[in-house]
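J.: need a structure here:
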Amino acid sequence: MSTLGDAAHPNASTRVILISHAATAATRRAAFPTDEPVERPEDLHPVDLGRFTRFVTGPELRCRQTATGLGVPGTVDEALADQDFGSWRGRALNDITDFSWLTDPSAAPHGGESVEDVIARVAKWLTSLRGTGERVAAVTHPAVIRAAVVHVMNAPAQSFWRTDVSPLSVTRLSSSGPNWTLQEHAVNQ
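T.: Model (predicted):
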């Protein structure tokens, strides 16, 4: 891991790469996740992400296992935690009868976090990075990546569920001033 010697400057170019964790049993069966492991950690192989100053992961096991498997083990950053699905953790999507959370981004009928809560948390994290000149690689969750895209695009919170984030997909963001730019969103194959 390399470091930058320059002091933070408001217009310093900051780059962030967000990697979605590998598939889990919950992603395969369309269920709300618990803190489950990735399905096939042996299929993960180190990747060359380029030069980064910091590697971080969400706190959940699936993020830490993915990061280790990709050769980018990092420190846990709580801001990258998955959306809290409260009482729905572990339940299949087809077991849920209240779908207000899909159309109302302020709804959290499950006792966890609303979409708006996740977007605000991720926006705060991205704001803390802007102007630092850092290069940050993060292994996190589809919800965190959706929130980052919504924030960067200044899109309405209702668009959160319209961004598909596949396991091991890569989303690149950059900032060289007050705004972020979505550089790329691709599936890692």
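J.: could you pull out the strands for the chain?
T.: 14-20, 54-57, 75-76, 135-140, 169-175, 180-187 (DSSP state E).
J.: what is the mean pLDDT for the shortest one?
T.: Averaging pLDDT along strand 75-76 gives 96.
J.: returning to what we had before: worst average pLDDT in the strands of the chain?
T.: Minimum mean pLDDT among the strands of the chain: strand 180-187, a mean of 81.
J.: ok, back up a step: just put the strands of the chain in JSON lines and tack on distance to Gln158 and mean neighbour count.
T.: All C-beta spots, glycine's among them, are computed from the backbone N, C-alpha and C. Shown next, in JSON lines, are these (distance: least, CB to CB, whole Å; neighbours: other CB atoms under 10 Å):
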{"stretch": "strand 14-20", "distance to Gln158": "21", "mean neighbour count": "23"}
{"stretch": "strand 54-57", "distance to Gln158": "28", "mean neighbour count": "21"}
{"stretch": "strand 75-76", "distance to Gln158": "31", "mean neighbour count": "12"}
{"stretch": "strand 135-140", "distance to Gln158": "22", "mean neighbour count": "26"}
{"stretch": "strand 169-175", "distance to Gln158": "20", "mean neighbour count": "19"}
{"stretch": "strand 180-187", "distance to Gln158": "18", "mean neighbour count": "14"}
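J.: tell me how many other residues surround Ser13.
T.: 14 (other CB atoms under 10 Å).
J.: relative to Gly131, how far out is the nearest residue to it once chain neighbours are set aside?
T.: Using CB to CB, 6 or more residues apart in numbering and skipping the chain neighbours, the partner closest in space to Ser13 is Ser176 (4.3 Å). Computed as CB to CB, to the nearest Å, the Ser176 to Gly131 distance reads 9 Å.
J.: now do the contacts for the closest residue to Arg62 other than its chain neighbours.
T.: Counting by CB to CB, 6+ apart, Arg62 lies nearest to His21, which is 4.5 Å off, once chain neighbours are set aside. Counting by CB atoms under 8 Å, 6 or more residues apart in numbering, His21 touches Val38, Gly58, Glu60, Arg62, Cys63, Gln65, Thr66, Val139, Thr140, His141, Pro167, Leu168.
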